[in-house]
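# Dropping a prediction and its sequence here:
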Amino acid sequence: VQVVESGGGLVQPGGSLRLSCAASGFTFSPLNYDMNWYRQAPGKERELVASVNSAGDRTTYADSVKGRFTISRDNSKNTMALQMNNLKSEDTAVYYCNLRSKWGSNSWGQGTQVTVSS
C-alpha cells in the first residue's frame, strides 16, 4: 500500500489547516485497514493524534487535540483527512498518515510539515 500526505504548511496560531492522505495499491479491501494520523515534533517521539476505524464510524483523538481536530475517511476514494482548527504552536510537527491492517501490517507516508507560528 502506498500512502501520500498533502496539505501541510505555515499557519498562524488560531488558524486552520486540512491535511489529506491518499492510499493506493491495495491487495485486499481497504475495509481491512484502520487509518491514523501521527505526528512527530523535533526532539520528541512520534505520537498518535487521531484514528478512524475501517468503516469510518468510530474515531478517537489524543487529549491534546480533542475538540480542535476532526478525522474523516472516504472509502469510495481511499482517502483520509484531518481538519485542524484553532492551531497552537505546540501542534508544530511533521504529520504522518498511517494505515494499519487487521493482521498488523503498517504503511506510512513520507510526512507533511505543519508549522504554527506568528
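Arrived safely, thanks for sending.
# Quick check on the most centrally placed residue in the chain: phi, psi?
The chain has residue 37 as the residue nearest its centroid, 2.7 Å off, counting by Cα atoms, centre = their mean. The main-chain torsion angles of residue 37 are listed as degrees, to the nearest 10 and equal phi -110, psi 130.
# Go ahead and confirm it touches residue 95.
Yes: with contact defined as Cβ atoms under 8 Å, residue 37 and residue 95 form a contacting pair (6.0 Å). Yep, even glycine has a C-beta here, placed from its N, CA and C like the rest.
# what's stretch 27-34 in contact with?
Contacts of stretch 27-34 with the rest of the structure, by Cβ atoms under 8 Å, 6 or more residues apart in numbering, involve 1, 23, 26, 51-55, 75, 78, 99-103.
# Now with 7 Å, please.
Residues from elsewhere that reach stretch 27-34 (Cβ atoms under 7 Å, 6 or more residues apart in numbering): 23, 51, 52, 53, 54, 75, 78, 99, 100, 101, 102.
# Same check on stretch 35-54?
By Cβ under 7 Å, 6+ apart, the surrounding residues in contact with stretch 35-54 are 31-34, 59-62, 65, 69, 71-73, 80, 82, 92-100.
# Let's see that with 8 Å instead.
With Cβ under 8 Å, 6+ apart as the contact definition, stretch 35-54 has outside contacts at 19, 21, 23, 30-34, 58-62, 65, 69, 71-73, 75, 80, 82, 90-100, 102, 111, 114.
# Report the mean confidence score over that stretch.
The average pLDDT within stretch 35-54 is 97.
# For it, list every residue counted as buried.
Judged by neighbour count (16 or more other Cβ atoms under 10 Å), stretch 35-54 contains these buried residues: 35, 36, 37, 38, 39, 49, 50, 51, 52, 54.
# With stretch 91-104 instead?
With burial defined by 16+ other Cβ under 10 Å, the residues of stretch 91-104 counted as buried are 91, 92, 93, 94, 95, 96, 97, 98, 99, 100, 101.
# wait, the fifth one sits on residue 114?
Yes: Residue 95 is within contact range of residue 114, at 5.5 Å (criterion: Cβ under 8 Å).
# Spit out the residues that contact those two alike.
Overlap of the contact sets of residue 95 and residue 114 (by Cβ under 8 Å, 6+ apart) consists of 8, 19, 39.
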